[in-house]
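> Return atomic coordinates for the entry below.
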Amino acid sequence: MSAPYAVAVSNTRGDILSAARGILTEHSLADLSMRRLATELGVRPNALYWHFADKQTLLAALADDILGDIAPTPETLAWDERLAWLATGMRAALLAVPDSAEVVSSSWASGLSATHIADEIAATARHAGLTERHARGVATALCQLVLGLTIEEQTRAQMERLSVTGPSERDFTVEFTDALGVIIDGARTRANTPSSESDSRE
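Numbering: from 1, shown residues only. The predicted structure is shown next:
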């Protein structure tokens, strides 16, 4: 058994994902190549394929790993408070790792990454009495709010590090809080006044 192969086997999936997070934190998504990741781990690039079939599979696993940092939802919360908790927790998990919102967005689009957070949001909305269609709509609205706004925030931070930005007075936290409130208000309205027209098309 060659030395590089032995080192690759000794590195767990967790080791590889941790190194990938490190590259995102210290550099950017553009720098997260299989070659660079292998260099960080002290192995040959081909050694990484023992754990991941390709880079997209790696990124999907990384997306799941990052979203796994969302804190469990307290059982005592009301359903609308649960929605706010989940969306806020998702945003916090993404903001903790630079460029992670783009990683999650692309991984969800590829269908290779789990969407547990979206499923939990939809389940919470259904528990409040929303129809399946409306519950999924709430999940889409909240997840896309978090992903889209966080991609902008992380892109802005990256551009500021490169000193290629113009002046901006945006407060992303305020924007998130305001939009979150509007979506949850809409969910409350739908929960109290379900649409028979929408129900009939499910």
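> Quickly find the element holding Thr155.
Using DSSP states H and E, Thr155 sits in helix 132-161.
> which is the next helix or strand following that helix?
helix 172-192.
> quick one: average pLDDT of the helix holding Thr155?
For helix 132-161, mean pLDDT is 95.
> Can you tell me how far the most centrally placed residue in the chain is from Leu67?
Geometric centre of the chain, nearest residue: Val104, 4.4 Å, by Cα atoms, centre = their mean. With distances taken as Cβ to Cβ, to the nearest Å, Val104 is found 7 Å from Leu67. No exception for glycine: its C-beta is placed from N, CA and C like everyone else's.
> same question, Asn11
Taken as Cβ to Cβ, the span from Asn11 to Leu67 is 22 Å.
> So for these two, which residue has more residues nearby?
Leu67 (23 against 19; other Cβ atoms under 10 Å).
> now that one: how far from Ile121?
Taking Cβ to Cβ, one finds Leu67 at 12 Å from Ile121.
> cool, and Leu32?
Leu32 sits 28 Å away from Ile121, going by Cβ to Cβ.
> Check Leu86 too.
For Leu86, the distance to Ile121 equals 5 Å [Cβ to Cβ].
> pLDDT score assigned to Ser105?
97.
> give the contact list for it.
Applying Cβ atoms under 8 Å, 6 or more residues apart in numbering, we find Ser105 in contact with Leu147, Ile151.
> what residue ranges in this structure score low on pLDDT?
Along the chain, the parts satisfying pLDDT under 70 run over 1-10, 193-202.
> hmm, try it at 80
Scanning the chain for pLDDT under 80 picks out 1-11, 162, 165-166, 193-202.
> re the thing from before, shared neighbours of Leu86 and Ile121, anything?
Applying Cβ under 8 Å, 6+ apart, one finds that Leu86 and Ile121 are jointly contacted by Leu142.
> Ala93 in helix, strand or coil?
helix (DSSP: H, G, I helix; E, B strand; the rest coil).
> Run through the residues that contact it.
Applying Cβ under 8 Å, 6+ apart, the residues contacting Ala93 are Ile66, Leu67, Asp69, Ile70, Ser100.
> try 7 Å this time
Contacts for Ala93 (Cβ atoms under 7 Å, 6 or more residues apart in numbering) come out as Ile66, Leu67, Asp69, Ile70.
> sorry, back to before: compare Leu32 and Ile121 and say which is more crowded by neighbours.
Counted by other Cβ under 10 Å, Leu32 and Ile121 do not tie: Ile121 has more neighbours, with 25 against 22.
> Please identify the helix or strand for that one.
helix 116-127.
> Just the buried residues of stretch 163-175, please?
Neighbour-count burial for stretch 163-175 flags Phe172 (criterion: 16 or more other Cβ atoms under 10 Å).
> That one: how far from the chain's middle?
Distance of stretch 163-175 from the chain centroid (Cα atoms, centre = their mean, to the nearest Å) equals 21 Å.
> Quickly list the domain ranges of this structure.
As recorded under automatic domain parsing, the domains making up the chain are 3-52, 66-196.
> right, so of these, which gets closest to Ala60?
Each of the domains of the chain was scored for nearness to Ala60 using Cβ to Cβ, and the closest is domain 66-196 (3.7 Å).
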